[in-house]
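K.L.:
what follows is a predicted structure for the sequence shown.
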Amino acid sequence: MAGTSLALVSLAGTMPNALNNTTTPEAAKVTTERRRQREPRFPLAIHIEVSGIDGSGQPFYENTVTSNVSRSGCRFKLSRQLDKDSIVAIRVLRTLAGKAVEPCLVMFQVMYTQMEKEGWAVGAWTLQSDVTWCSDIPDDPKPEGAE
């Protein structure tokens, strides 16, 4: 956890508005546009590590698997509740083929949380549009629900 905590601290200097949960007009516009746009989602189980501050104010990191992904976001389950609009760091642990990947933390904003039988479902959007957060998303895949 020490490495993850250091990464969060080091990113605080480069992304103060996102990490302090304040929103500039430009960021609000991007967030609103993203909420309106519905990107194709793909049912891919990608192993990730999620770290941040949970709903009770405690730092955490947890390994989990995505249930669906898009170019700008993902859905996954956690054992703890997160607050909507909170910021988390996500790191892909390995590819779908099982290959290890170079460590790369990408900052995400929690768009929703939903209590489920076994934990919390979380939907999150990347705050770093210039970063490809996951190389496993196909170029021409069949989205979730497509025939």
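P.N.:
In hand now; what should we look at?

K.L.:
so where's the protein shaky on pLDDT?
P.N.:
For the chain, applying pLDDT under 70 flags the ranges 1-37, 139-147.

K.L.:
tell me where it has helices.
P.N.:
Using DSSP state H, the helices of the chain run over 2-12, 16-19, 25-36.

K.L.:
could you pull out the strands for the chain?
P.N.:
Taking DSSP state E as the criterion, the chain carries its strands at 47-53, 59-69, 73-78, 87-94, 106-116, 119-126.

K.L.:
what does the third one contact?
P.N.:
If I follow you right, that is strand 73-78. Applying C-beta atoms under 8 Å, 6 or more residues apart in numbering, the contact partners of strand 73-78 are 39, 41, 46, 48, 50, 62, 64-69, 90, 108, 111, 116, 118-126, 133-134. Every residue, glycine included, has its C-beta placed from N, CA and C.

K.L.:
with the last one instead?
P.N.:
Under the contact criterion C-beta under 8 Å, 6+ apart, strand 119-126 has outside partners 31, 34, 50, 67, 72-82, 88, 90, 106-115, 133.
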